[in-house]
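Asks: compute the structure for the input listed below.
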Amino acid sequence: MSNNRRMSDAINRRGLMLVLSSPSGAGKTTLSRRLLETDSNVVMSVSATTRARRPNETEARDYFFVTPEKFEQSVKADEFLEYANVFDHRYGTPKKPVMEALSAGRDVLFDIDWQGTQQLKERAGEDLVSIFVLPPSHDELERRLKTRAQDPDDVVAKRMAKAADEISHWPEYDYVIVNRDLEIALGEIKSILAAERLRRTRQIGLSEFVRKLTS
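Replies: Model prediction:
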């Protein structure tokens with residue numbers, strides 16, 4: 001059978017929202033980047049934020065950097081799927097590009113915290129799949145934060161103090177993985193994604209496919 005025939009027989013599906021959450025330093029950002037590099041059907045949700053841009057960040061690729069006034073205008077206009085205050089800054093997920101991607105059968109990846117995930121659950125319904133990433137130990141989490149060399153010691157201490165509260169929300173997630181080894185953790189995320197893509201409710205072309213089989 002030719003590749004063209006296999007493509008024409010493919011069952012259309014609706015995309016899903018894949019959330020990765022963790023305390024800072026547990027590895028969710030690295031895992032997100034590796035997933036995007038290895039799965040072309042996954043696109044990253046770009047958040048808006050009121051925090052300052054870091055030297056290695058690019059506008060519209062890493063974040064949409066906006067003023068607090070602009071952020072508040074978007075909140076009032078209901079332009080965010082979710083928004084939250086994190087370490088004295090505001091973060092929000094623009095609604096329009098996410099809905100367009102899902103309708104086109106693309107999966108949208110979210111690197112957000114438990115506050116954003118709670119809001120997203122209320123609005124996303126069955127579109128949402130959530131994964132919480134745990135560090136292998138308290139000491140390893142602290143070591144990773146210190147070796148990132150992006151934040152001063154007082155910020156690292158603040159993030160460590162916040163980690164216990166963040167970790168306490170793990171039961172709210174569909175799946176939990178422990179990031180002891182990056183490649184193993186990535187493989188677990190891919191397994192979850194593969195299974196969730198096959199859910200009957202996401203295969204919007206399934207009824208037509210079955211009709212052709214039985215006609």
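
Asks: spatially nearest residue to residue 66 (excluding sequence neighbours)?
Replies: Using Cβ to Cβ, 6 or more residues apart in numbering and skipping the chain neighbours, the partner closest in space to residue 66 is residue 48 (5.2 Å). C-beta coordinates here come from the backbone N, C-alpha and C atoms, glycine included.

Asks: what residues are up against the one you found?
Replies: Residue 48 makes contacts with 63, 64, 65, 66, 71, 74, 80, 91, 92, 93, 94, as judged by Cβ atoms under 8 Å, 6 or more residues apart in numbering.

Asks: change it to 7 Å
Replies: Shown in contact with residue 48 (Cβ atoms under 7 Å, 6 or more residues apart in numbering): 63, 64, 66, 71, 74, 92, 94.

Asks: neighbour-wise, which one of those leads?
Replies: Neighbour counts for these were taken using other Cβ atoms under 10 Å; the highest belongs to residue 92, with 23 neighbours.

Asks: surely that residue is in a strand?
Replies: Yes: counting by DSSP: H, G, I helix; E, B strand; the rest coil, residue 92 is found in a strand.

Asks: check which helix or strand the spatially most central residue of the chain maps to.
Replies: For the chain, residue 110 is the residue whose C-alpha lies nearest the centre (Cα atoms, centre = their mean; 1.8 Å). Element membership for residue 110 (DSSP states H and E) is strand 107-111.

Asks: repeat that for residue 119.
Replies: helix 114-124.

Asks: now that helix and strand 107-111, what's the angle there?
Replies: 150 degrees (axes from the mean of the first three to the mean of the last three Cα atoms, to 10 degrees).

Asks: now for helix 114-124, which elements pack on it?
Replies: For helix 114-124, the packing partners by 3 or more Cβ pairs under 7 Å, 6 or more residues apart in numbering; DSSP states H and E come out as strand 17-21, strand 80-86, strand 128-134.
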